[in-house]
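Student: with the sequence up front, the predicted model follows.
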Amino acid sequence: MKDFEDCIAVLKSQANPDNVAGMARYGISVDKAFGVSLPVIRALAKKYKNNHALALQLWQSGYHEARILATMVENPNEVTEAQMELWVADFDSWDVCDQCCSNLLDKTPFAEDKAFAWAMRDQEYVKRAGFVMMACLAVHSKTLKDVVFMVFLLYIAACSEDSRNFVRKAVNWALRQIGKRNQELHEKALLLCQVLVASENKNAQWIGKDALKELMGATAINRMMAKDKMLKAYNSKLIERSSEFKIER
């Protein structure tokens with residue numbers, strides 16, 4: 001209990017009303033927010049790493065920053081499937097959703113299954129969590145096979161017409177991150193981008209065009225080339241095909 005009280009005391013001492021107002025402008029729920037910056041929360045988290053009991057207390061407090069802190073101090077090996085379902089049901093802001101998925105949930109044994117399951121749920125932040133999990137797994141996972149990400153692409157295609165802002169941005173994020181994972185997935189993602197751009201649905205078009213712009217950009221290609229020297233030939237092929245994707249280089 002003392003650790004919990006100490007953490008809440010630090011968060012309250014760092015409260016900033018101006019930050020709270022800024023958070024609200026970016027669509028973040030501020031009903032129980034202090035306006036504490038992420039660097040301050042990260043510094044505090046370093047003192048309480050892998051503290052399962054504290055993480056549960058912080059989350060149950062309902063404070064915005066306390067919940068983000070909970071995702072940083074929790075031990076992913078102690079997270080249960082039931083806990084994941086309880087926490088995802090509490091998501092009320094895109095930033096808590098994203099921090100929870102990227103700091104913690106994508107490192108649990110249930111990450112892959114929850115990505116699939118949540119992407120098909122109707123609740124806005126739960127659905128967002130499914131696609132954020134896909135994006136985070138594309139960046140962080142060292143073991144998932146390409147076939148898993150190819151199935152993720154099918155889910156992206158299926159949900160590309162969702163017009164809710166926080167959902168469509170997560171779908172787009174997942175598509176971009178999967179496409180940057182390696183050469184094979186890059187090619188698959190580009191094909192899906194073409195399909196989405198050709199769609200009559202405006203949301204699907206936006207997702208496809210935005211992802212295509214990044215995946216055909218020099219930064220994404222160079223990053224993959226750094227991983228594999230054989231990709232130099234692939235880069236040359238993409239430059240030759242750039243007109244096909246309607247990207248100005």
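Tutor: On my side now, so go ahead.

Student: got the domain boundaries for the chain?
Tutor: Domain assignment for the chain by automatic domain parsing gives 1-74, 100-249.

Student: low-confidence regions, this structure specifically.
Tutor: Counting by pLDDT under 70, the chain shows low-confidence ranges at 218, 224-249.

Student: scan it for its longest helix.
Tutor: The longest helix of the chain (DSSP state H) is helix 124-140.

Student: show me which residues of that helix are buried.
Tutor: Across helix 124-140, burial judged by 16 or more other C-beta atoms under 10 Å covers 124-138. (Each C-beta comes from the backbone N, C-alpha and C, glycine too.)

Student: for these, which one is nearest residue 102?
Tutor: residue 136 (4.8 Å; C-beta to C-beta).

Student: okay, the domains of the chain in JSON lines with distance to residue 93 next?
Tutor: Listed next are the domains of the chain as JSON lines, based on distance: least, C-beta to C-beta, whole Å:
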{"stretch": "domain 1-74", "distance to residue 93": "4"}
{"stretch": "domain 100-249", "distance to residue 93": "8"}
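
Student: out of these, nearest to residue 92?
Tutor: domain 1-74 (4.5 Å).

Student: now that closest one, how far from the centre of its chain.
Tutor: 19 Å (C-alpha atoms, centre = their mean, to the nearest Å).

Student: next, the buried residues of stretch 208-217.
Tutor: Neighbour-count burial for stretch 208-217 flags 208, 210-216 (criterion: 16+ other C-beta under 10 Å).

Student: the domains of the chain: which one's closest to residue 90?
Tutor: Of all the domains of the chain, domain 1-74 sits nearest to residue 90, with 7.4 Å by C-beta to C-beta.

Student: ends of the closest one, what's the gap?
Tutor: Domain 1-74 stretches 15 Å from its first residue to its last (C-alpha to C-alpha, to the nearest Å).

Student: likewise for stretch 98-112?
Tutor: This stretch, stretch 98-112, spans 16 Å end to end (C-alpha to C-alpha).

Student: got it, and stretch 23-35?
Tutor: 8 Å.

Student: and stretch 152-170, by the same measure?
Tutor: Stretch 152-170 has an end-to-end distance of 13 Å (C-alpha to C-alpha).

Student: tell me who's in contact with the residue nearest the centre of the chain.
Tutor: With distances taken as C-alpha atoms, centre = their mean, the residue of the chain nearest its centroid is residue 132 (3.1 Å). Residue 132 makes contact with 97-98, 101-102, 170, 173-174, according to C-beta atoms under 8 Å, 6 or more residues apart in numbering.

Student: quick check on the residues you listed: which are buried?
Tutor: Applying 16+ other C-beta under 10 Å to the contacts of residue 132 flags 97-98, 101-102, 170, 173-174 as buried.

Student: dump those to JSON lines, plus secondary structure and distance to residue 111.
Tutor: Below are those laid out as JSON lines (DSSP: H, G, I helix; E, B strand; the rest coil; distance: C-beta to C-beta, whole Å):
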{"residue": "97", "secondary structure": "helix", "distance to residue 111": "14"}
{"residue": "98", "secondary structure": "helix", "distance to residue 111": "14"}
{"residue": "101", "secondary structure": "helix", "distance to residue 111": "9"}
{"residue": "102", "secondary structure": "helix", "distance to residue 111": "11"}
{"residue": "170", "secondary structure": "helix", "distance to residue 111": "15"}
{"residue": "173", "secondary structure": "helix", "distance to residue 111": "16"}
{"residue": "174", "secondary structure": "helix", "distance to residue 111": "13"}
